[in-house]
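K.L.:
Quick check, what structure comes out for this input:
(2 chains)
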Amino acid sequence: AQSVTQPDIHITVSEGASLELRCNYSYGATPYLFWYVQSPGQGLQLLLKYFSGDTLVQGIKGFEAEFKRSQSSFNLRKPSVHWSDAAEYFCAVGATGGATNKLIFGTGTLLAVQP
Amino acid sequence: DTAVSQTPKYLVTQMGNDKSIKCEQNLGHDTMYWYKQDSKKFLKIMFSYNNKELIINETVPNRFSPKSPDKAHLNLHINSLELGDSAVYFCASSLLSGGAWNEQFFGPGTRLTVL
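P.N.:
Here you go, the predicted structure:
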């Protein structure tokens, strides 16, 4: 069955420090992979996506993610975190098949940023 | 211009009541979705409609009845509300193109509280 695991429920980093959020997926075919961010009380914003090709993808707000097929991982990184990055981050896999087209989300990682 | 809009943003009601949430998209998409985010922030798909036809129904109780009057609208009606229905409900839309993936755009969410 398709699934997404985000092992870290809560992470705290200092402003200016680097960040890596982990994501592992289980999917039979080549996955469509996504990272979304949800700020408090807000909707979901797409940070970046991987469909195929270069395994290092760049997104908005200075984020990047690397697809590693051998590890079934799609970790999100940012070299220098800003206070405004404090939010909930969701990794997701896009499941397609016939008439279906749905996102399967991980449980999220809550990022806190210390001054 | 708001791409995917939902009304209301907040909904507080008593157990046993019937309520509706509305969603509209102006992106010209042919597929719309309802996702539920529970109190632990876990996001799960509930329904998907393509060209007004139901294509995904993820074992949601019969008390939940989606309705799509046209491609731009997808409403969610909930009968006999229960405490466990308290959640944030997100609407999303995308184009569905035969096995390929197109980005899903999310609305701002409707926070439903059942007392």
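
K.L.:
and the helix-or-strand element of chain B with minimal mean pLDDT, which strands flank it?
P.N.:
When the helices and strands of chain B are compared on mean pLDDT, DSSP states H and E, strand B:53-57 comes out lowest with a mean of 84. Partners of strand B:53-57 in the sheet, by DSSP bridges, are strand B:43-50 (antiparallel).

K.L.:
contact partners of the partner strand?
P.N.:
By Cβ atoms under 8 Å, 6 or more residues apart in numbering or on different chains, the residues outside strand B:43-50 that reach it are A:44, A:90, A:99-105, A:108, B:30-38, B:54-58, B:60, B:64, B:66, B:68, B:74, B:76, B:90, B:96. For glycine as for every other residue, the C-beta is placed from the backbone atoms N, C-alpha and C.

K.L.:
Could you pull up the mean pLDDT of it?
P.N.:
Strand B:43-50 shows a mean pLDDT of 91.

K.L.:
Next step: the contacts of strand B:43-50 restricted to helices.
P.N.:
Among these, no member is found in helices (DSSP state H).

K.L.:
Give me the subset of the residues you listed lying in strands.
P.N.:
A:44, A:90, A:100-105, B:31-37, B:54-57, B:64, B:66, B:68, B:74, B:76, B:90 (DSSP state E).

K.L.:
Give me the buried subset of those.
P.N.:
A:44, A:90, A:101-105, B:31-37, B:55-56, B:64, B:66, B:68, B:74, B:76, B:90 (16 or more other Cβ atoms under 10 Å in any protein chain shown).

K.L.:
Alongside chain A, which residues does chain B contribute?
P.N.:
Selection of chain B residues close to chain A by Cβ under 8 Å from any Cβ of the partner chain yields B:31, B:33, B:35, B:40-45, B:48, B:50, B:55-56, B:90, B:94, B:96, B:99-104, B:106-109.

K.L.:
If we use 7 Å, what do you get?
P.N.:
The interface of chain B toward chain A, taken as Cβ under 7 Å from any Cβ of the partner chain, is made up of B:31, B:41-43, B:45, B:48, B:50, B:55-56, B:90, B:94, B:96, B:99, B:101, B:103-104, B:106-109.

K.L.:
before we move on, the earlier item: CA atoms only for the least confident helix or strand of chain B, dumped as CSV, please.
P.N.:
What follows is strand B:53-57, C-alpha atoms only, in CSV (Å, rounded to 0.1, in the frame of the first residue of the first chain):
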residue,chain,number,x,y,z
GLU,B,53,-18.7,12.4,-11.6
LEU,B,54,-17.6,10.8,-8.4
ILE,B,55,-14.3,9.0,-8.9
ILE,B,56,-12.9,8.6,-5.4
ASN,B,57,-14.8,7.8,-2.2
